[in-house]
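Student: Sequence plus predicted model, see below.
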Amino acid sequence: MAADGRYVYCIMEGGENQNLGSIGLFGNEVYTINHNDISAVVSKAPFKEMKPDVDSIIAHQRVVEASKNVTTTLPVRFGILFKSEQGVKKLLTKSYNDFKSKINKLKDKEEFGIKLILEKENIRKIQKQVIDKSEEVKKIKSEISESGKGTAYFLNMRMNEAIKNEVLRKVEELGGEVHRELVSCSIDSCFLKADLEDVILNAAYLVNKSEIKKFSDKLEKLKKMYGTHGVIFHQSGPWAPYSFC
């Protein structure tokens, strides 16, 4: 059986001893290891490779969110494990300036995730608009009607490529317009990997706590405005600043 190590969930502001209860991995007690005015939030865990199963990931996030409710928190990626408390203290000492700088930057700020989905039916509507209104497509169609069979084949390929590029441009414009509006109410932002083809924007926004209402009001206006284009908004958060650490 593996000896117990110390699993690190996050770094938090403050050098006081904290006990967050038995909310950690395997139901273990979560507490802090301190250095100056910062602390690592840890629990005991078998010193072996951690597998990112659903229960473990949920436990990790649960501890990060509990810490966030206490003070400014820097999430640590899943799976960081030390042999002993001494190893954690060495991390805090070595990285103190970096951790302190990030805590100062992220103090009183929350992360929101925004994902925009444009369903295939609405993409097809945009495609139809392009076919009906694009001057380039009209020009190629005219050339096809006046050309021979061999030339028409290559012109059709060119037309399909033009339609595809114009549709992509219009879809990107929709996502870009929403992104620019949300950036105007944020301190920082970053794009995240899109997990589905229908996702036209997947981004995280760092928002001052004092500006959350302004951000939320802006989001509601955008939902109404872009809902007519078939854009579906998915919001998550507020979170600890996972994307900005």
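Tutor: Everything's here; your move.

Student: Now stretch 207-227: average pLDDT?
Tutor: Mean per-residue pLDDT for stretch 207-227: 95.

Student: check contacts around the closest residue to residue 196 other than its chain neighbours.
Tutor: Closest residue to residue 196 apart from its sequence neighbours, by C-beta to C-beta, 6 or more residues apart in numbering: residue 117 at 7.3 Å. (C-beta placed from N, C-alpha, C; glycine too.) Going by C-beta atoms under 8 Å, 6 or more residues apart in numbering, residue 117 touches 196, 198, 199, 200, 231, 232, 234.

Student: Given the strand or helix carrying residue 117, what are its sheet partners and their directions?
Tutor: Taking DSSP states H and E as the definition, one finds residue 117 inside strand 109-118. Strands that pair with strand 109-118, judged by DSSP bridges, come out as strand 199-208 (antiparallel), strand 231-239 (antiparallel).

Student: which of the ones you listed sits most buried?
Tutor: Greatest average neighbour count among these goes to strand 199-208 (a mean of 20), per mean count of other C-beta atoms under 10 Å.

Student: For that one, report the contacting residues that lie outside it.
Tutor: Counting by C-beta under 8 Å, 6+ apart, 106, 108-118, 171-172, 174-176, 178-179, 182-183, 185-195, 215, 231, 238, 241-244 sit against strand 199-208.

Student: returning to that earlier point: list just the nearest of the contacts of residue 117 to residue 88.
Tutor: Using C-beta to C-beta, residue 234 is the member of the contacts of residue 117 that lies nearest residue 88, at 36.1 Å.

Student: For the protein, which residues score under the pLDDT cut-off?
Tutor: Residue ranges of the chain with pLDDT under 70: 1-2, 130-131, 140, 148-150.

Student: and the gap between residue 207 and residue 21?
Tutor: Using C-beta to C-beta, to the nearest Å, one obtains 28 Å as the distance from residue 207 to residue 21.

Student: swap in residue 172?
Tutor: 46 Å.

Student: what's the angle between the helix of greatest length in the chain and strand 231-239?
Tutor: Longest among the helix segments of the chain by residue count, using DSSP state H, is helix 149-183. Going by axes from the mean of the first three to the mean of the last three C-alpha atoms, to 10 degrees, helix 149-183 is angled at 40 degrees with respect to strand 231-239.
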